[in-house]
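K.L.:
what follows is a predicted structure for the sequence shown.
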Amino acid sequence: MEKRISGHTGVMALIGSPVGHSGSPAMYNYSFERLGLDYVYVAFDIKVEEVGDAIAAMRTFHMRGCNVTMPCKTEAARYMDELSPAARIIGAVNTIVNDGGKLTGYITDGEGFVNNLKDHGIDIRGKKITVAGGGGAATAIQVQCALDGAREISIFNRKDAFWGRTLETVEKIRAAVPGCVVHVYDIADTKRMTEEIAASDIFANATIVGMKPMENESVVKDLSAFRPGLVVADAVYDPEETRLLREAKEAGCTCIGGKGMLLWQGVAAFKLYTGEDMPVAEVKERFFR
Ligand code: NAD
């Protein structure tokens with residue numbers, strides 16, 4: 001590493017809080033070294049109220065880019081000169097590219113989800129997907145699936161602080177992608193959820209249910225819609241095999257964990273920063289096994 005860093009080395013970073021556990025620095029620095037790119041990637045623990053300063057510093061230091069994680073994604077969008085179509089609809093960014101002082105915000109979480117499906121041989125085009133969740137990950141998934149040609153999206157969320165945002169997302173998708181049929185339901189309506197999953201090609205969980213400390217829970221209470229041929233994907237990546245995926249596997253579904261989504265959102269960001277393809281097979285082998 002010390003041989004690699006010079007006075008010319010460009011800096012990229014992850015901002016958010018917490019970031020100490022993040023696998024991004026290892027994944028990016030390995031890829032820079034492997035492709036001979038003169039960048040270094042670090043992580044800065046930034047609170048929401050510090051986002052404006054962090055983005056100003058990004059301009060001052062001529063940083064090529066920043067990834068943004070929870071809880072700063074929505075706040076960061078406010079400081080962008082331009083937003084990608086998905087970031088505009090979602091109102092949040094996880095990738096900022098600095099082109100000579102002009103900052104463009106992207107959100108690659110949804111792309112990560114769709115490309116992870118692709119990596120498993122599944123094409124979202126023309127499919128019906130049911131998604132549990134109305135937060136950051138869920139919104140990104142729903143918007144990207146609509147933009148990429150999903151036929152129908154049924155969204156289930158609790159009537160909590162995210163409910164209003166979920167209703168707004170539905171309206172935004174309807175306006176941006178009129179050909180995609182979108183509905184929103186209360187996740188407490190188990191009967192409806194079972195019917196929607198039964199009529200879907202793909203079911204995705206993008207709530208925090210299944211993630212530690214809720215690792216013994218699943219958003220799907222009635223397993224009768226689980227069957228061979230149904231794809232069940234989880235955004236949760238810790239634990240790698242959630243209760244949802246375990247139960248879906250037992251019912252013969254095709255199961256896809258959240259780690260691949262994490263990899264592919266990084267691959268998309270890497271391309272935006274460098275114009276080059278991350279060495280995905282090697283990164284997968286080293287950091288995602
Ligand atoms: P968020 O805080 O923005 O949203 C939380 C969601 O969980 C909301 O929809 C909320 O209504 C729902 N929820 C909370 N408690 C619930 C309960 N008891 N029952 C049902 N629903 C409940 O969080 P987020 O950033 O969207 O993250 C959601 C999950 O996705 C996390 O596990 C996160 O680690 C994961 N994630 C994964 C990736 C990836 O690349 N794999 C990317 C982003 C987020």
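P.N.:
Now that the structure is in, tell me what you want to look at.

K.L.:
which residues are in contact with the residue in the chain that the ligand sits nearest to?
P.N.:
Per Cβ to the nearest ligand atom, residue 135 is where the chain lies closest to the ligand, at 2.0 Å. Backbone N, C-alpha and C define where each C-beta goes, glycine included. Residue 135 makes contact with 162, 165, 206, 207, 208, according to Cβ atoms under 8 Å, 6 or more residues apart in numbering.

K.L.:
and with 6 Å instead?
P.N.:
Applying Cβ atoms under 6 Å, 6 or more residues apart in numbering, one finds that residue 135 lies in contact with residue 162.

K.L.:
state the distance from it to residue 150.
P.N.:
19 Å (Cβ to Cβ, to the nearest Å).

K.L.:
same question for residue 110.
P.N.:
11 Å.

K.L.:
now the spatially most central residue of the chain. Its backbone dihedrals?
P.N.:
Central residue of the chain (Cα atoms, centre = their mean): residue 109, 2.2 Å from the mean position. Per-residue torsions, residue 109: phi -60, psi -40 (degrees, to the nearest 10).

K.L.:
that one reaches residue 265, doesn't it?
P.N.:
Yes - at 5.1 Å, residue 109 counts as touching residue 265 under the criterion of Cβ atoms under 6 Å.

K.L.:
residue 118: helix or strand, and which one exactly?
P.N.:
helix 109-119 (DSSP states H and E).

K.L.:
residue 123: what's it in contact with?
P.N.:
Under the criterion of Cβ under 6 Å, 6+ apart, residue 123 has no neighbours.

K.L.:
give me the pLDDT for it.
P.N.:
With respect to pLDDT, residue 123 scores 98.

K.L.:
from residue 284, how far off is residue 33?
P.N.:
17 Å.

K.L.:
settle it for me: which of those two has more neighbours?
P.N.:
residue 284 (18 against 13; other Cβ atoms under 10 Å).

K.L.:
now that one: which helix or strand?
P.N.:
Using DSSP H and E, residue 284 maps to helix 280-287.

K.L.:
right, is that helix up against the ligand?
P.N.:
No - for helix 280-287, no contact with the ligand is found by Cβ under 6 Å from any ligand atom; the gap never falls below 13.3 Å.

K.L.:
quick one: low-confidence parts of the stretch 1-150 of the chain?
P.N.:
1-2 (pLDDT under 70).

K.L.:
in it, which spans are helices?
P.N.:
Counting by DSSP state H, counting those that start in this stretch, the stretch 1-150 of the chain has helices at residues 24-35, 51-60, 73-77, 85-90, 109-119, 136-147.

K.L.:
winner for burial among those?
P.N.:
helix 136-147 (a mean of 27; mean count of other Cβ atoms under 10 Å).

K.L.:
buried ones in stretch 170-186?
P.N.:
For stretch 170-186, a neighbour-count test (16 or more other Cβ atoms under 10 Å) marks 170, 172, 173, 177, 180, 182, 184, 185 as buried.

K.L.:
these: which two are farthest apart?
P.N.:
With Cβ to Cβ as the measure, no two of the buried residues of stretch 170-186 lie farther apart than 177 and 185, at 19.4 Å.
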